[in-house]
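Engineer: Task: produce atomic coordinates for the following.
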Amino acid sequence: MKDKFIELLKSINREGMEDLIEFIEKTDFFKAPASTRFHGGYEGGLLEHSMKVYEILNYKVKNCFIDMQVSEDTIKIISLLHDICKANYYKVDYRNAKNSLGEWEKVPYYTIDDTIPYGHGEKSVMMLTEYIKLTPEEKYCIRWHMGFTEPKELYQTIGLAYKKYPLALLLHEADLEASYFFNI
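Structural biologist: Now for the predicted structure:
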């Protein structure tokens with residue numbers, strides 16, 4: 001799956017992509033979980049989640065009721081890299097839990113180690129723009145991919161963003177579908 005992910009990124013015609021790929025390869029992106037509790041909470045979950053979001057978003061754009069007029073490069077960037085903020089974000093810790101025999105033992109689990117506390121979608125945008133130039137639509141899509149899981153004070157802003165860039169809503173839907181339909 002890692003090879004396919006890198007192949008997709010290499011097919012994007014964007015200055016700085018090689019540097020971005022080099023950065024990603026130096027992180028734990030390919031081994032990181034997608035989350036600690038909600039979906040993909042296992043080694044490699046983030047990669048699997050990102051690939052599933054790409055698959056779903058690609059389908060949604062091609063089968064949308066409105067003509068999306070979106071490039072393949074944009075679909076790849078926003079779906080594969082929407083959660084780049086989770087690279088180097090989790091760490092393994094240990095806690096006590098009872099095993100099947102009822103005995104206590106130390107078991108590993110993922111915890112958050114946020115060394116760059118800049119939010120979620122906005123952090124992904126920030127990280128990506130250090131390597132590649134994003135279009136305004138790509139920035140909005142990645143920034144607002146969490147949709148209405150954001151604080152309720154932002155709901156009006158999110159609605160305006162989705163009206164301005166319907167692709168942002170499709171990315172949010174694809175992210176939810178990967179998380180809830182496929183649990184990754």
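Engineer: Please report the distance of Thr27 from Glu43.
Structural biologist: 14 Å (CB to CB, to the nearest Å). C-beta here means a position set from N, CA and C on the backbone, and glycine is covered the same way.
Engineer: next one: Thr135
Structural biologist: Distance, Thr135 to Glu43, by CB to CB: 33 Å.
Engineer: Quickly list what Val108 is bridged to.
Structural biologist: I think there's a mix-up here, since residue 108 is Pro and not Val. On the basis of DSSP bridges, Pro108 is bridged to Tyr94.
Engineer: Any idea how many residues pack against it?
Structural biologist: By the criterion of other CB atoms under 10 Å, Pro108 has 9 neighbours.
Engineer: And Glu138, by the same measure?
Structural biologist: 28.
Engineer: What strand or helix carries it?
Structural biologist: Taking DSSP states H and E as the criterion, the element that holds Glu138 is helix 136-143.
Engineer: likewise Leu9?
Structural biologist: Under the criterion of DSSP H and E, Leu9 resides in helix 2-10.
Engineer: Pull out the buried positions in stretch 107-123.
Structural biologist: Within stretch 107-123, the residues that count as buried by 16 or more other CB atoms under 10 Å are Tyr110, His120, Gly121, Lys123.
Engineer: Stretch 139-151 now?
Structural biologist: Buried-residue list, stretch 139-151, by 16+ other CB under 10 Å: Lys139, Tyr140, Cys141, Ile142, Arg143, Trp144, His145, Met146, Gly147, Glu150.
Engineer: ok, the first one - contacts?
Structural biologist: When contacts are counted by CB atoms under 8 Å, 6 or more residues apart in numbering, Lys139 is found next to Val125, Thr129.
Engineer: residues touching the residue positioned nearest the centre of the chain, list them.
Structural biologist: Nearest to the mean C-alpha position of the chain, counting by CA atoms, centre = their mean, stands Asp83 at 2.4 Å. Applying CB under 8 Å, 6+ apart to Asp83 gives the contacts Ala34, Leu46, His49, Ser50, Ser124.
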